[in-house]
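Visitor: Structural data only, the sequence is not supplied:
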């Protein structure tokens with residue numbers, strides 16, 4: 001398995017893409033720190049990993065709070081002895097709330113800034129000493145909305161576009177220190193998308209058919225596997241990139 005002997009922390013890992021990443025990393029042999037704002041939610045995924053024969057610990061983490069991120073990283077190192085990879089997946093609850101730019105309320109913009117962008121800074125700064133010691137990897141979950149833009153979710157598109165610039169700058173700054181930094185931009189069948197399809201069943205073929213492969217990605221076997229690649233030694237010459245995991249729905 002490609003991640004044997006490595007320890008990985010995943011933020012926002014209670015459900016959806018974050019859960020898929022945690023499960024995939026554990027399946028590849030990593031010891032995984034499953035983090036979420038509610039310990040019960042994190043523990044459920046950690047228990048799922050353990051039931052599959054993997055190794056995991058559950059921790060609370062609010063990425064908008066620097067001290068919370070620092071505590072989660074300290075907890076990971078205490079549990080596993082080191083930190084080889086951090087995956088910043090957490091997103092704001094406002095991220096999928098449709099709103100016209102002229103009507104965006106301050107709390108929407110501020111919370112997305114807090115979680116998506118300031119959260120990226122907190123994760124990078126707090127993880128730096130441990131990643132430098134291990135020659136580790138930072139992976140940031142961005143979005144195709146940050147590449148092409150998306151009507152009605154302008155704040156989310158803005159934050160995700162900003163993350164991509166930060167990834168590139170950080171990759172150049174940390175590369176000489178042996179730390180790799182990459183992003184992924186996924187399209188996956190998450191609980192939020194399930195709810196959307198329940199309300200709009202006619203959109204299932206529309207979204208599926210946009211992908212060249214004719215389907216929507218699975219959080220674990222498609223998106224999680226892609227992140228596991230970026231965390232592992234097979235991608236040792238990859239840095240500063242955003243991996244587009246959309247089945248060909250978006251192309252660069």
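Guide: Right, received. Where do you want to start? Since the model is a prediction, treat every value here as computed from it, not as a measurement.
Visitor: Return the distance of the residue nearest to the spatial centre of the chain relative to residue 172.
Guide: What sits nearest the mean C-alpha location of the chain, by C-alpha atoms, centre = their mean, is residue 89, with 2.5 Å. As judged by C-beta to C-beta, to the nearest Å, residue 89 and residue 172 stand 23 Å apart. In this view, the C-beta of every residue, glycine as well, is placed from N, C-alpha and C.
Visitor: All the strands of the protein, residue numbers only.
Guide: Along the chain, the stretches classed as strands by DSSP state E are 7-10, 31-36, 55-60, 85-88, 137-141, 180-186, 242-245.
Visitor: Which of those sits closest to residue 78?
Guide: strand 55-60 (8.9 Å; C-beta to C-beta).
Visitor: That closest one vs strand 31-36, what angle?
Guide: Interaxial angle, strand 55-60 versus strand 31-36 (axes from the mean of the first three to the mean of the last three C-alpha atoms, to 10 degrees): 30 degrees.
Visitor: who does strand 55-60 pair up with?
Guide: Note on strand 55-60: by DSSP bridges, its sheet partners are strand 31-36 (parallel).
Visitor: contact partners of the strand it pairs with?
Guide: With contact meaning C-beta atoms under 8 Å, 6 or more residues apart in numbering, strand 31-36 is reached by 6-14, 18, 22, 25-26, 42-43, 45-46, 49, 54-61, 72, 75-76, 79-80.
Visitor: re the thing from before, wait, the residue nearest to the centre of the chain touches residue 9, no?
Guide: No: using C-beta atoms under 8 Å, residue 89 is not in contact with residue 9, being 10.3 Å away.
Visitor: In contact with residue 12: list those residues for me.
Guide: Counting by C-beta under 8 Å, 6+ apart, residue 12 has contacts 18, 35, 36, 63, 88, 89, 90, 91.
Visitor: where's it relative to residue 252, distance?
Guide: 25 Å.
Visitor: Specify the beta-bridge partners of residue 35.
Guide: residue 59.
Visitor: Can you get me a residue count around it?
Guide: Residue 35: 35 surrounding residues under other C-beta atoms under 10 Å.
Visitor: And it, how far from residue 157?
Guide: 25 Å.
Visitor: and if you look at residue 145?
Guide: 4 Å.
Visitor: where does residue 1 land on pLDDT?
Guide: With respect to pLDDT, residue 1 scores 69.
Visitor: swap that for residue 188, please
Guide: pLDDT, read off for residue 188, is 92.
Visitor: what's it in contact with, if anything?
Guide: 16, 17, 20, 216, 217, 218, 219, 222, 223, 245 are the contacts of residue 188 under C-beta under 8 Å, 6+ apart.
Visitor: where's the dip in pLDDT among those?
Guide: Scoring those by pLDDT puts residue 216 last, at 92.
Visitor: Tell me how many other residues surround that one.
Guide: 21.
Visitor: With adjacent residues omitted, what lies nearest to it?
Guide: residue 189 (4.8 Å; C-beta to C-beta, 6 or more residues apart in numbering).
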